[in-house]
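Participant: Got a sequence here, can you build the structure:
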Amino acid sequence: MPEHATQEEEVADLRVLAAAMATESARYLDTVTEVAAGSSPDAAIPLLLLAVSDVVAAGARLGAITDVVPEERFEPDDGPEPDPDALRTSLANVLDGLDEYREIPDPLVDIAPVTGSLSADLGEVATALRRGLQHYRAGQEVEALWWWQYSYLSSWGDRAAAALRALLSVLGHLRLDVDAEVAAEAEFEALHAED
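Facilitator: Residues are numbered from 1 along each chain as shown. Now for the predicted structure:
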């Protein structure tokens, strides 16, 4: 009997994790879709940074647990996948001039940098999360969790981490790269301000 209770506890824990991952996936998709629509261009980078940070943290939980094994040996068809090109194109338009970046794809085996694309990375993450969300909403929680974990380890985790680094770099440049004359004036005012 205790083994059965342990298995039930494991399933309950997986369901809790699947619910949390579904929430994070939906939040990420909502934010990325909102940014892609161009509704808040001045807040696009901070919003994307927060969304990607949250989903990277959720993905880390998937990487930390043992492998999730689905009940069936095939992935059920939960309907057609939305076309990711529209989202990628809209993101590329919003991120015009900031979309491309340089990265080392696998720091353990690669030494040559390649060009990456924020819009492609964000779109790839969205596609994988959306697929898991389809399974989850169809009542296939373990299948959804398996999909999120598998695709995290094989693709979207890496793309989200690369996007996070690029977004942080963009935000750092936007906030810290100040014209020398403006910086000198601010320093002068700070030094000569009355207490």
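Participant: got a pLDDT number for the spatially most central residue of the chain?
Facilitator: The structure's the chain has its C-alpha centroid closest to V52; by CA atoms, centre = their mean the separation is 3.6 Å. Note on V52: pLDDT of 98.
Participant: Please apply the same query to P107.
Facilitator: At P107, the pLDDT value in this model is 80.
Participant: SS state for it?
Facilitator: Taking DSSP: H, G, I helix; E, B strand; the rest coil as the rule, one finds P107 in the coil state.
Participant: Thought A162 was touching the residue nearest to the centre of the chain, still the case?
Facilitator: No. Using CB atoms under 8 Å, V52 makes no contact with A162, being 9.7 Å away. For the C-beta atoms, the positions are set from N, CA and C on the backbone; glycine is no exception.
Participant: related to what we said a few turns ago, would you indicate which residues of the strand or helix carrying the residue nearest to the centre of the chain are buried?
Facilitator: Here V52 is covered by helix 44-64, with elements defined by DSSP states H and E. Neighbour-count burial for helix 44-64 flags 44-45, 47-49, 51-52, 55-56, 58-59, 62 (criterion: 16 or more other CB atoms under 10 Å).
Participant: That helix packs against which elements?
Facilitator: On a contact count with 3 or more CB pairs under 8 Å, 6 or more residues apart in numbering; DSSP states H and E, helix 44-64 meets helix 2-36, helix 118-137, helix 141-151, helix 157-176.
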